[in-house]
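A.B. asks: okay, structure incoming, though there's no sequence with it:
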C-alpha cells in the first residue's frame, strides 16, 4: 500500500517549478519590509556581509534537513517523522510544531497580505496623492480600525490562496507561482532601477554597498551580529515544515544542497533588491530608512506621494509586495492542505474546502485585534493579537522546529547522519559538505542562543520577574524537544 501511495503522489512538473515555488515560500514580507530597515538601522553593507555569512552557515543546512526529510518520507510534516523514525521513539510528537506553526502563521500573515493588496488598490485610486505625512499615517490607522474592510481583504487572500491549491501542484501551485515569481522579479528590477536613478540616490547606494564598520562599532558589534544572524535564520521560512512538503514533491535526480543554495540565493536577491528600491529613494527624499515596522505602510506611501508619477510607482510597489506575500500564502496553504490529506486521508478538494473556511475563521482574531478587540494587549501596552501570534511562531515554533529537524537528522536514535547524508547527496549537483560536528553540536547551540536571546529582547524591558517567568516557559519547551530527541527505540531497549 505504501508503494502505491508513493507512486500516486503529486510531483512538480519541472525543476524550475520546484525552485520557484520553494523560493516563493521563502520570499515574503520580511524580505521587503524587515531587511531594508535592518540595513538602515545597522550600518548598511556591513550588516549585509554578516547576514550573508549566517545564511551560508545556518540557513542552507537547515533547509537541506527539511528537504531531505520530506523527500525520504514522501509525506508532509504531519506524517514524515512516523515514516522515518525508529520504532518506539517519540520524534512524531514534534509534528505538532509544524502543524500548529503553519496554521498560526497564516492566522496573521493573511491579514498582513490583505494590507498589501488594499494598499495596492489605494495607490491605484490615488488615495495618497497630495496627502501630508500625518494624513498618510491616518490612512493606516483607519485601515486597521475598519472591521468590514479588513475582513474582506483577509478573506480574499484566503480564497485566492486556496483556489490556487485546489487545482493541484502542477496546474495550481506551480503554474501560478511561476507567473507571480516572474512578475515579482520583473517588477523588482524596474522599481530598483527607477529608485537608483532618482536625483540624490547616490548617497543611499553608497550607504547600501560600502561597509561602514565604524557605524557597526557604534551600534554594538554584538547587536549587529545577532540581528544579522536572526534575520538569516528567519528569512527562509525554515522550522515549521513549510519547505519539507516541497521536498516530498521532487525526484532524486538532483542533490538537495545545490537546490537549497539556489533557493537561498533567490531569497537573498529579492531582499537585496528590496533595499535598492527603498534605501536610495529614502535618501533621495530625505526620509530616514531605519524607522522600523512603519516603513512599509507610512514611510513608503509618504515617499511615493512626493515622487513624480508616485501613484503609478506606488501601485507597482504594492503589486510587488502582494505577490511576495501571496507566494508565501500559497506555499503554506499547500502545506496545510497536505496535513489534512495525510492525517485524515481526505482528498485534495475536501482538504482545500474545509481549510479555506477554517483558516478564514482563524484569521479573524488578528483582524479584530486592531479594532473591536483592541483592549486586549497580550504582550504589554501597545501590542495586539498579531504580536502574540507572531511571538508564538517567530520566537518559538521556527527555532524549536529547526532544532528538531537538525537533531532528527543527526542523532543515532533519529534518522541518523548516514541516512540523512545519503538522501541529501542523492542526484547530481553540489554535495553536503558541512562537517558532522558542526551540524550535530554547534548548530543546535546557535539555534538555542537565537531562541533564548529572542526571549530576552522581548521580555527584559518588562522586568526581571517577567523575564524569569518566560525563561521557565522557554526551558520547558526546550526540554520537550530534547525529551523527544532522547527517546530510545524499543528494539534498542531490548538489545540493551
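C.D. replies: Nice, I can see it. As the structure is a prediction and not an experimental result, all values here were calculated from the model. Residues are numbered from 1 along each chain as shown.
A.B. asks: what's the end-to-end length of stretch 206-215?
C.D. replies: End-to-end distance of stretch 206-215: 14 Å, with Cα to Cα, to the nearest Å as the criterion.
A.B. asks: contact partners of that stretch?
C.D. replies: With contacts defined as Cβ atoms under 8 Å, 6 or more residues apart in numbering, stretch 206-215 is touched by 39, 42-46, 48-49, 275-276, 279-280, 283. For glycine as for every other residue, the C-beta is placed from the backbone atoms N, C-alpha and C.
A.B. asks: now, of those residues, which are buried?
C.D. replies: Buried members of those, counted by 16 or more other Cβ atoms under 10 Å: 39, 42-46, 48, 275-276, 279-280, 283.
A.B. asks: stretch 304-323: which residues count as buried?
C.D. replies: Buried residues in stretch 304-323, counted by 16+ other Cβ under 10 Å: 304-305, 307, 310-311, 313-323.
A.B. asks: one more: stretch 250-258?
C.D. replies: In stretch 250-258, counting by 16+ other Cβ under 10 Å, buried: 250, 254-258.
A.B. asks: stretch 146-162 too?
C.D. replies: In stretch 146-162, counting by 16+ other Cβ under 10 Å, buried: 146, 150-151, 153-158, 160-162.
A.B. asks: and it, what's its mean pLDDT?
C.D. replies: In this model, stretch 146-162 has an average pLDDT of 97.
A.B. asks: now find how far off-centre it is within its chain.
C.D. replies: Counting by Cα atoms, centre = their mean, to the nearest Å, stretch 146-162 is centred 20 Å from the centre of its parent chain.
A.B. asks: returning to what we had before: among the buried residues of stretch 146-162, which pair sits farthest apart?
C.D. replies: Farthest-apart pair in those is 146 and 162; separation 24.0 Å (Cβ to Cβ).
A.B. asks: before we move on, back to that, return the closest of the buried residues of stretch 304-323 with respect to residue 95.
C.D. replies: residue 323 (30.5 Å).
A.B. asks: in a helix, that closest one, correct?
C.D. replies: Yes - counting by DSSP: H, G, I helix; E, B strand; the rest coil, residue 323 is part of a helix.
A.B. asks: which strands and helices sit next to the helix or strand harbouring residue 484?
C.D. replies: Using DSSP states H and E, residue 484 maps to helix 464-486. Packing partners of helix 464-486 (3 or more Cβ pairs under 8 Å, 6 or more residues apart in numbering; DSSP states H and E): helix 398-410, helix 443-459.
A.B. asks: looks like residue 313 contacts residue 304 (just checking).
C.D. replies: Yes - assessed by Cβ atoms under 8 Å, residue 313 is found in contact with residue 304 at 5.6 Å.
A.B. asks: quick one: contacts for residue 196?
C.D. replies: 205, 276, 280.
A.B. asks: buried stuff in stretch 162-180?
C.D. replies: Neighbour-count burial for stretch 162-180 flags 162, 164-169, 172-178, 180 (criterion: 16+ other Cβ under 10 Å).
A.B. asks: which regions of the stretch 1-150 of the chain sit below the pLDDT cut-off?
C.D. replies: The model of the stretch 1-150 of the chain has pLDDT under 70 over residues 1-8.
A.B. asks: and residue 11, how far from residue 79?
C.D. replies: For residue 11, the distance to residue 79 (Cβ to Cβ, to the nearest Å) stands at 18 Å.
A.B. asks: neighbour count winner among these two?
C.D. replies: Between residue 11 and residue 79, counted using other Cβ atoms under 10 Å, the more crowded position is residue 79 (19 against 14).
A.B. asks: pretty sure that one contacts residue 341?
C.D. replies: No - contact criterion Cβ under 8 Å: residue 79 and residue 341 do not qualify, at 9.5 Å.
A.B. asks: can you map out the helices along the stretch 151-300 of the chain?
C.D. replies: Remark: helices assigned in the stretch 151-300 of the chain by DSSP state H, counting those that start in this stretch are 175-196, 202-209, 213-219, 221-234, 244-247, 256-284, 299-306.
A.B. asks: now do the second one, average pLDDT.
C.D. replies: Helix 202-209 carries an average pLDDT of 88.
A.B. asks: list the buried residues for that helix?
C.D. replies: Here helix 202-209 shows 204-205, 207-208 as buried, counting by 16+ other Cβ under 10 Å.
A.B. asks: what do you get for the third one?
C.D. replies: Residues of helix 213-219 classed as buried: 215-216, 219 (neighbour count, 16+ other Cβ under 10 Å).
A.B. asks: ok, so of the residues you listed, who is nearest residue 385?
C.D. replies: Nearest to residue 385 among the buried residues of helix 213-219: residue 219, at 31.6 Å, using Cβ to Cβ.
A.B. asks: contacting residues for the closest one?
C.D. replies: The neighbourhood of residue 219, defined by Cβ under 8 Å, 6+ apart, consists of 41-43.
A.B. asks: apply 10 Å and report the result again.
C.D. replies: Under the criterion of Cβ atoms under 10 Å, 6 or more residues apart in numbering, the neighbours of residue 219 are 41-43, 46-47, 212, 227.
A.B. asks: can I get those residues in JSON lines including distance to residue 113?
C.D. replies: Converted to JSON lines, these look like this (distance: Cβ to Cβ, whole Å):
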{"residue": "41", "distance to residue 113": "25"}
{"residue": "42", "distance to residue 113": "27"}
{"residue": "43", "distance to residue 113": "31"}
{"residue": "46", "distance to residue 113": "32"}
{"residue": "47", "distance to residue 113": "27"}
{"residue": "212", "distance to residue 113": "34"}
{"residue": "227", "distance to residue 113": "25"}
